[in-house]
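Asker: What shape does this take:
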Amino acid sequence: MDFNELIKQTRGRRSLLQALGVAAVGISFGGLAACSKEGGKTLANGEEARLNFYNWDTYIGETTLADFEEATGVAVTMDLFDSNDVLFAKFKAGNPGYDVIVPSNDFVERMSKADMLMPLDHSLIPNKKNIDAAYINVEYDLQRKFSMPYTWLALGIGYRKSKVSATPDSWKVLFDSPEYAGRIAWLSEAGDMFRLFGKYLGKSVNELTPADVATIERMMIKQKPNVKKFHEDDGQDLLLKGDVDVVLEYNGDIAQAMVEDDDIDFVIPKEGSQLNSDNLCIPKGAPHPKNAHAFINYILDANVDKHITETILYPTPNAAAKALMPESYKNNPVIFPPADVLAKCEYARFNPELQPLFEEAFTRVRAA
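Answerer: Numbers count the residues shown, from 1 in each chain. Have a look, this model is predicted:
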C-alpha cells in the first residue's frame with residue numbers, strides 16, 4: 001500500500017478517534033479516575049500490569065495499545081491533552097499518576113529543568129538502536145537522557161497553487177505583506193509565532209532578545225488586519241475548505257491535504273524555519289516505571305512504529321521503521337524536506353526569560 005492510499009484511509013490525526021469510537025481499547029476520556037479497577041495482576045518485574053499514557057489526540061496506531069497488552073499483559077489507559085501548556089500545568093503540582101507522556105522538544109527541556117522527568121535507563125530500551133543517529137544527541141536533550149523521539153515536524157507555508165502569484169517561499173507573504181489580505185492563517189501558539197518572525201528577520205529562533213519581541217509585536221499588530229484566523233493546528237482544513245489561501249502549518253498536515261487536493265502545496269521559506277519533535281518521556285513519580293520503559297521500547301520496534309506511522313502519517317525518526325514504509329512516503333519532499341532546506345531549520349530551545357514575554361505580547365496582538 002502506498003502513501004496516498006494510507007492517507008486516504010486515515011485523514012490525519014484528528015480522524016482516528018472518530019474511527020476508533022469511544023469504546024476503543026485502552027482509551028479513557030474520564031481521566032485516571034475512570035480507569036478500570038479490575039485485575040491487579042502483578043508482573044514478573046514486580047509492577048502491576050498497568051500503564052497510564054498521556055498523549056496528543058489521535059497520535060497512536062489503531063491497534064498499538066491492544067497489541068502491547070497482548071504482547072506483555074500490561075493494560076494501557078490513554079488520556080489526551082491538546083497543548084504543551086496543558087501538559088506542563090498538569091504536572092506542576094506533581095505527577096497525577098502517568099507513566100509515559102509526549103512533550104514537544106522545548107517542553108522536554110522545560111520539564112527536565114523543572115525536575116519533572118525521570119532519567120531513562122537506556123539498557124531497558126534496546127530498540128533505541130532503530131533511531132536515526134541524527135535524532136540522538138539533540139540540543140534539547142543531550143544523549144537522550146530524558147526522552148526518546150516519537151515524531152518530528154517542520155513548520156512552513158501551506159498554500160493553494162491557483163490562488164498565489166508565485167511560490168510563497170518567504171515568510172514575508174505571511175508576516176509582512178498585504179498581498180493575500182484576508183486569506184492568511186497564523187498559528188495560535190505564541191512561542192512558535194515569535195520565533196518564526198525572528199527567522200524572517202534573519203535571527204536564530206533561539207537568539208531573540210526582549211527588544212526583538214517588542215519589534216515583532218509591532219510587526220504582528222501591523223499585519224494582523226490581513227490575517228483571517230489564528231488557527232488551532234487545523235490549517236490544512238482551512239485550505240481544503242477554501243477559507244484561506246496561505247497558512248502557517250506543519251509539513252505532515254499539509255502533506256495529508258495534498259493527497260486530497262492537488263491544488264495544495266507546501267514550502268519551507270528560504271529564510272529557514274523551526275523544527276519540532278514530539279518525544280516519549282517518563283515523568284518523575286511514574287507509578288509503573290518498568291512498564292513505562294517496556295512501552296517506550298515497544299513503540300521503537302520497527303514494525304510497531306511502521307504501523308503507528310501508517311496511521312498518523314508524520315515523519316518518523318525511526319530509521320528501521322522508515323525503511324519498511326513505501327517509497328512514496330520515504331521520498332516525499334514535504335514529509336522529508338531535502339538536507340539543504342533542513343540545514344536552515346532549528347529546534348527551539350526553552351527560554352525561561354522570553355517565554356512569558358512571548359505569551360504576554362501575543363495576548364496583546366490578539367486583542368489589538
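
Asker: isn't Glu310 right next to Gly61, touching?
Answerer: Yes. Counting by C-beta atoms under 8 Å, Glu310 touches Gly61, with 7.4 Å between them. Heads up, the C-betas are built off the backbone N, CA and C, glycines and all.

Asker: Leaving out chain neighbours, which residue sits closest to Thr215?
Answerer: Spatial nearest neighbour of Thr215, excluding adjacent residues (C-beta to C-beta, 6 or more residues apart in numbering): Leu201 at 7.6 Å.

Asker: Lys113 now?
Answerer: Spatially, and ignoring its direct neighbours in sequence, Lys113 is nearest to Phe350 (7.3 Å; C-beta to C-beta, 6+ apart).

Asker: what about that neighbour, neighbour count?
Answerer: Applying other C-beta atoms under 10 Å, we find 20 residues neighbouring Phe350.

Asker: contacting residues for it?
Answerer: Residues near Phe350 by C-beta atoms under 8 Å, 6 or more residues apart in numbering: 106-107, 109-110, 113, 140.

Asker: Counting neighbours, what do you get for Ile268?
Answerer: For Ile268, the count of nearby residues is 23 (other C-beta under 10 Å).

Asker: helices or strands next to the longest strand along the chain in the packing?
Answerer: Ranked by residue count under DSSP state E, the longest strand found in the chain is strand 148-160. Under the contact criterion of 3 or more C-beta pairs under 8 Å, 6 or more residues apart in numbering; DSSP states H and E, strand 148-160 touches helix 235-241, strand 246-250, helix 251-260, strand 264-267, strand 274-280.

Asker: rank the ones you listed by pLDDT, which is bottom?
Answerer: For the helices and strands packed on strand 148-160, mean pLDDT drops lowest on helix 251-260, to a mean of 85.

Asker: Restrict that helix to CA atoms and write it as CSV.
Answerer: Extracted in CSV, the C-alpha atoms of helix 251-260 (Å, rounded to 0.1, in the frame of the first residue of the first chain):
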residue,chain,number,x,y,z
ASN,A,251,4.6,19.7,6.9
GLY,A,252,2.7,16.5,7.8
ASP,A,253,-0.7,18.2,7.9
ILE,A,254,-0.2,19.8,4.5
ALA,A,255,1.0,16.5,3.0
GLN,A,256,-2.3,15.0,4.0
ALA,A,257,-4.2,17.8,2.4
MET,A,258,-2.1,17.5,-0.8
VAL,A,259,-3.4,14.0,-1.4
GLU,A,260,-7.0,15.1,-1.2
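
Asker: So for stretch 162-182, mean pLDDT?
Answerer: Confidence over stretch 162-182 (mean pLDDT, whole number) is 98.

Asker: check contacts around Ser204.
Answerer: 198, 346.

Asker: Starting from Ser165, give me the distance back to it.
Answerer: To Ser165, Ser204 is 30 Å away according to C-beta to C-beta, to the nearest Å.

Asker: next one: Ala75
Answerer: Ala75 is 55 Å from Ser165, by C-beta to C-beta.

Asker: Those two - which one has more neighbours?
Answerer: A side-by-side neighbour count of Ala75 and Ser165, using other C-beta under 10 Å, places Ala75 first with 22 against 8.

Asker: Quickly list what the more buried one is bridged to.
Answerer: On the basis of DSSP bridges, Ala75 is bridged to Arg50.

Asker: Tell me how far it lies from Pro326.
Answerer: In terms of C-beta to C-beta, Ala75 sits 33 Å off from Pro326.

Asker: follow-up on the earlier one: tell me the pLDDT at the residue nearest to Lys113?
Answerer: With respect to pLDDT, Phe350 scores 90.

Asker: again, but for Lys90
Answerer: On the pLDDT scale, Lys90 is placed at 94.

Asker: For the nearest residue to Gly252 once chain neighbours are set aside, which residues are in contact?
Answerer: Among residues not flanking Gly252 along the chain, Tyr314 sits closest, at 4.2 Å (C-beta to C-beta, 6+ apart). Contact analysis of Tyr314 by C-beta under 8 Å, 6+ apart lists 13, 151-153, 252, 335.

Asker: Is it possible to get CSV of these that adds distance to Phe295?
Answerer: What follows is those, written out as CSV (distance: C-beta to C-beta, whole Å):
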residue, distance to Phe295
Arg13, 20
Thr151, 16
Trp152, 20
Leu153, 22
Gly252, 23
Ile335, 26
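
Asker: quick one: which of those residues is nearest Asn318?
Answerer: For those, the minimum distance to Asn318 (C-beta to C-beta) is 9.2 Å, reached by Thr151.
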